[in-house]
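A.B. asks: Pasting the sequence and the predicted model now:
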Amino acid sequence: MKYLPTFNLLFYVVALGLLLWLVLYPNLHILSQSFEKDGQVGLVNYLEFFHNPSQLEALINSLILSLGSVGFSAVIGVPLAFIFHRYEFPGRTIFAALATLPVLLPPLVGVISFMFLYGESGIITRFIQILLRLSSAPFSLRGIWAILFIHAYTMYAYFYLFVTAGLKRMDFSLQEAARSLGASRLRVFFAVTLPMLTPSLMGASLLTFMTSMASFSAPYLFGGGTRVLALQIYNSKLNGDLAMAYVETVILSLSSILFLILLQRYEGTARYRSLSKGDLRPAREARRRTIRFLMSTLGAGLVLFLLLPHLVLILISFSKDGTWTTEILPPQYTLSNYAQLFSDPHFLEPIRNSLEMSGMATALNFLFAMVVGYLLANRQIPGRTLLNALVLLPWALPGTVLALSLASTFNQAQPLRGKLLLVGTFWLLPLAYFIRNIPLVVRPVQASFEQLDPALAEAGQSLGGSWLYVFRRVTLPMVLPGALAGSMLAFVTALGEFVSSIVIYTINNRPISIEILAQLRQFNFGSAAAYGVLLILLMAAVFFVSHNYFSQADRSSVPY
C-alpha cells in the first residue's frame with residue numbers, strides 16, 4: 001500500500017514519541033529511582049530487598065503462585081477443550097459456551113463471589129457447618145491454596161480458549177498418519193498433538209503467568225497474610241517507603257519479562273506449522289450410553305459449578321445491607337440496592353466515572369491503534385522492531401507497576417523533562433487505562449492491515465482517488481472489524497480494572513471496582529454485589545453487541 005512518505009514520517013514520529021514518553025519513560029524513571037537512597041546512587045535498596053526475608057518470601061510466593069496457576073489452569077482447561085471439541089453428546093454446544101463464563105467475571109467481582117460462597121461465613125461453608133453440627137467453620141479459604149483455587153477457576157478459560165482455537169486449526173491427517181504407522185493413541189497425543197498445540201499452550205501459559213503475577217484482589221482478600229510482590233508494592237507506597245516500592249516494582253517487572261523471554265526462546269526452538277489449512281473433522285459422537293450419560297452429567301455438573309459464583313452474586317445483590325451475619329442465606333431481601341445505584345448521586349458517581357474513563361481511554365486506543373497498526377504492518381518502516389517492543393511492554397508489566405510508574409513520573413509540573421502534574425487529578429487513571437490496553441487494540445488492527453491486499457488501495461488511487469478518500473472508502477471498512485473487536489475488549493477490560501485503580505484513583509474519579517471494595521469494607525454486601533452484577537451486565541452487553549455486529553458483518557459479506 002503506497003502511502004505518501006510524509007504521512008509515514010508524521011505517523012511514525014507521533015506514534016514513537018508517544019510510546020517513548022508514556023510507556024518507556026515512566027519505567028526508566030522507576031528504574032533510575034530504584035537506585036537512589038538518601039540522595040546517593042547505588043545498590044543499597046536492592047541489597048536491602050534481598051537481605052529482607054519478608055521481601056524474598058513475597059518474591060518466592062509470587063513465582064510459586066504464578067507457576068502453580070499455569071499448571072492448575074492447564075490441568076482444567078486443556079482436557080475441557082479436548083472433550084468439547086472431540087466428542088458429540090447432549091448439551092455439548094451449551095456446555096462449551098458456558099465453559100467461558102469466567103471471562104465475564106472481573107477480577108474483583110470474581111473474588112467477592114468466592115468470598116460469598118467459600119469464605120469463612122460463606123454459603124457453602126455455613127451449610128456444611130450446620131449440616132455436620134460443627135462448632136466452627138469446616139475450612140477457611142485463605143492462604144496460597146485459596147489463591148491458587150481462585151486463579152485456577154478464573155484463568156483456566158485462557159487454556160480452554162487457546163487450545164480450542166488450536167484444535168480447530170490442527171491438521172488431523174497427521175495424527176491419522178501416525179496411527180496408521182502403528183503408534184498408540186498415547187504416543188500420538190504426546191508426539192504429534194501436543195507439539196502442534198505448543199503455540200496455543202505457550203500463549204495461554206504466558207497470559208496466565210502475567211495475570212497471576214499482577215493479581216491483587218485474590219491475595220488482598222484471601223491471602224491471609226501471604227506476601228506477594230503486587231501487595232508489597234501497594235503496602236510500601238501506602239507506608240511512604242517509595243524507594244522499596246520502586247525496587248519491588250523492578251523485580252516484579254523483570255520476573256514477568258524473564259518468563260516472557262523464556263517462553264519465546266522455547267517456542268522458537270521448533271516449527272509447529274502444518275502444511276494444510278487444518279482438517280475440520282466433526283466431533284465424534286459418543287456411542288455408548290454410559291459414556292454419553294457420564295459426559296452429560298459431567299457437563300451439567302461443570303455448568304452448575306461455573307454458574308454458582310454468578311448465581312450467588314445475583315442472590316446477594318438483593319439482600320438487605322447489614323442483615324446477613326451467621327445465616328446460610330441472607331434473611332432479608334430488597335430492591336433498594338439496585339434502586340439507589342441509579343437514584344442516589346453518591347452511588348451513581350462510580351458508574352458514571354467508569355463509563356466515562358473507559359470510554360475516553362478506548363477512543364484513544366482506537367485512534368492510536370489505527371496509526372500504529374498501519375506502521376507495524378508496513379515492513380518498510382524503520383525502527384519497526386522498537387515500535388513493536390514498546391507496544392507489547394504495557395502487556396508485560398503488571399497493573400501495579402504501570403500505576404506506580406505513572407504516579408512517580410507525573411507527580412510534578414516539569415514540561416521540559418516530560419513531566420506533567422497528573423497525580424491527584426481525574427486524568428491519570430484514564431491515561432493508565434489507555435496505556436494498559438494499547439496491545440489489546442493494536443494487535444488486531446495490525447493483523448487486519450497485514451491481511452489487506454495492497455492491490456485494492458492501489459486500484460483506488462490509480463482511478464484518481466486521493467489517499468484520504470481511498471482510506472475512508474476502501475481501507476477503513478476492511479480494517480474496522482478488527483479495530484472494533486480490540487476496542488470492545490479494551491473497553492470491558494478498563495471497565496472492570498482494579499489493580500491500577502487502587503494505586504492511583506482519587507475520590508473524584510473512583511471507579512466501580514473501588515466502590516465495590518469500599519462497600520465490602522462497610523459490610524454492605526448487598527450493595528457490593530449489586531455493583532458487581534451491574535459490571536457483569538455492562539460487560540455482557542458489550543460482548544452481545546459486538547457478537548451481533550460481527551455476525552451481521554459476516555452475513556453481509558457472503559456473496560449470493
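C.D. replies: Arrived safely.
A.B. asks: Okay, now the unreliable bits of the stretch 351-500 of the chain?
C.D. replies: Residue ranges of the stretch 351-500 of the chain with pLDDT under 70: 379, 451-475.
A.B. asks: can you pull out the strands in it?
C.D. replies: 411-414, 419-421 (DSSP state E, counting those that start in this stretch).
A.B. asks: Count the neighbours of the nearest residue to residue 496 once chain neighbours are set aside for me.
C.D. replies: Distances taken as CB to CB, 6 or more residues apart in numbering place residue 106 nearest to residue 496, at 2.8 Å, with adjacent residues excluded. C-beta here means a position set from N, CA and C on the backbone, and glycine is covered the same way. By other CB atoms under 10 Å, the residues close to residue 106 number 25.
A.B. asks: For residue 106, report the pLDDT, please.
C.D. replies: Here, the pLDDT recorded for residue 106 equals 81.
A.B. asks: who touches it in this structure?
C.D. replies: Contact partners of residue 106, counting by CB atoms under 8 Å, 6 or more residues apart in numbering, are 495, 496, 497, 498, 513, 532, 535, 536, 539.
A.B. asks: surely the first one meets residue 538?
C.D. replies: Yes - using CB atoms under 8 Å, residue 495 makes contact with residue 538 at a distance of 6.0 Å.
A.B. asks: For residue 230, see how far away the nearest residue to residue 359 once chain neighbours are set aside is.
C.D. replies: When the adjacent residues along the chain are set aside, residue 359 lies closest to residue 491, with 7.2 Å between them (CB to CB, 6+ apart). Going from residue 491 to residue 230 by CB to CB, to the nearest Å gives 24 Å.
A.B. asks: more neighbours, the two?
C.D. replies: residue 230 (28 against 25).
A.B. asks: Can you report phi and psi for residue 523?
C.D. replies: When read as degrees, to the nearest 10, the backbone of residue 523 gives phi 60, psi 30.
A.B. asks: Hmm, it is touching residue 322, no?
C.D. replies: Yes - using CB under 8 Å, residue 523 is in contact with residue 322, at 6.5 Å.
A.B. asks: Okay, buried residues for whichever strand or helix holds residue 339 please.
C.D. replies: Assigned by DSSP states H and E, residue 339 falls within helix 336-343. By neighbour count on 16 or more other CB atoms under 10 Å, the buried set for helix 336-343 is 336, 337, 338, 340, 341.
A.B. asks: gap between the residue nearest to residue 197 when sequence neighbours are not counted and residue 36?
C.D. replies: Nearest-residue entry for residue 197: residue 166, 4.7 Å, with adjacent residues in sequence omitted and distances by CB to CB, 6+ apart. Residue 166 sits 47 Å away from residue 36, going by CB to CB.
A.B. asks: out of those two, which sits in the more crowded spot?
C.D. replies: residue 166 (22 against 15).
A.B. asks: I figured the more buried one was touching residue 195, is that so?
C.D. replies: No - Residue 166 lies out of contact with residue 195 (CB under 8 Å); the separation is 11.2 Å.
A.B. asks: Now for residue 495 and residue 538: what residues contact both?
C.D. replies: Contacts common to residue 495 and residue 538, judged by CB under 8 Å, 6+ apart, are residue 355.
A.B. asks: Look at the residue nearest to residue 222 when sequence neighbours are not counted and say how many residues are nearby.
C.D. replies: Distances taken as CB to CB, 6+ apart place residue 146 nearest to residue 222, at 4.4 Å, with adjacent residues excluded. Using other CB under 10 Å, residue 146 has 22 other residues around it.
A.B. asks: If you average the pLDDT over the helix or strand encompassing residue 146, what comes out?
C.D. replies: For residue 146, the host element (DSSP H and E) is helix 144-169. The pLDDT scores in helix 144-169 average 83.
A.B. asks: do the same with stretch 265-276
C.D. replies: 53.
A.B. asks: same check, this time on stretch 227-236
C.D. replies: 88.
A.B. asks: again with stretch 69-85
C.D. replies: In this model, stretch 69-85 carries a mean pLDDT of 86.
A.B. asks: quick one: residue 441 from residue 424, how far?
C.D. replies: From residue 441 to residue 424 the distance is 28 Å (CB to CB).
A.B. asks: Who has more neighbours out of these two?
C.D. replies: residue 441 (31 against 12).
A.B. asks: Could you list which residues are in contact with the more buried one?
C.D. replies: Contacts of residue 441 by CB under 8 Å, 6+ apart are 362, 365, 366, 368, 369, 483, 486, 487, 489, 490.
A.B. asks: Of these, keep whichever come out buried.
C.D. replies: For those, a neighbour count by 16+ other CB under 10 Å gives the buried set as 362, 365, 366, 368, 369, 483, 486, 487, 489, 490.
A.B. asks: would you turn those into TSV with distance to residue 116?
C.D. replies: TSV is the format used below for the buried ones among the contacts of residue 441 (distance: CB to CB, whole Å):
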residue	distance to residue 116
362	31
365	33
366	36
368	39
369	38
483	38
486	33
487	33
489	27
490	29
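A.B. asks: Keep only those of these that are in helices.
C.D. replies: 362, 365, 366, 368, 369, 483, 486, 487, 489, 490 (DSSP state H).
A.B. asks: State the number of residues packed around residue 135.
C.D. replies: 5.
A.B. asks: where's it relative to residue 129, distance?
C.D. replies: 8 Å.
A.B. asks: Find residues that contact each of those two.
C.D. replies: Common neighbours of residue 135 and residue 129 (CB under 8 Å, 6+ apart) do not exist.
A.B. asks: So residue 322 sits against residue 527, correct?
C.D. replies: No - in this structure, residue 322 is not within contact of residue 527 by CB under 8 Å, at 10.1 Å.
A.B. asks: Neighbour count: the two, which is higher?
C.D. replies: More neighbours surround residue 527 than the other of residue 322 and residue 527, with 26 against 12 (other CB under 10 Å).
A.B. asks: Name the helix or strand for the more buried one, please.
C.D. replies: Residue 527 belongs to helix 525-556, assigned by DSSP H and E.
A.B. asks: Show the average pLDDT along that helix.
C.D. replies: The model assigns helix 525-556 a mean pLDDT of 77.
A.B. asks: Phi, psi for residue 39 please.
C.D. replies: According to degrees, to the nearest 10, residue 39 has phi 80, psi 0.
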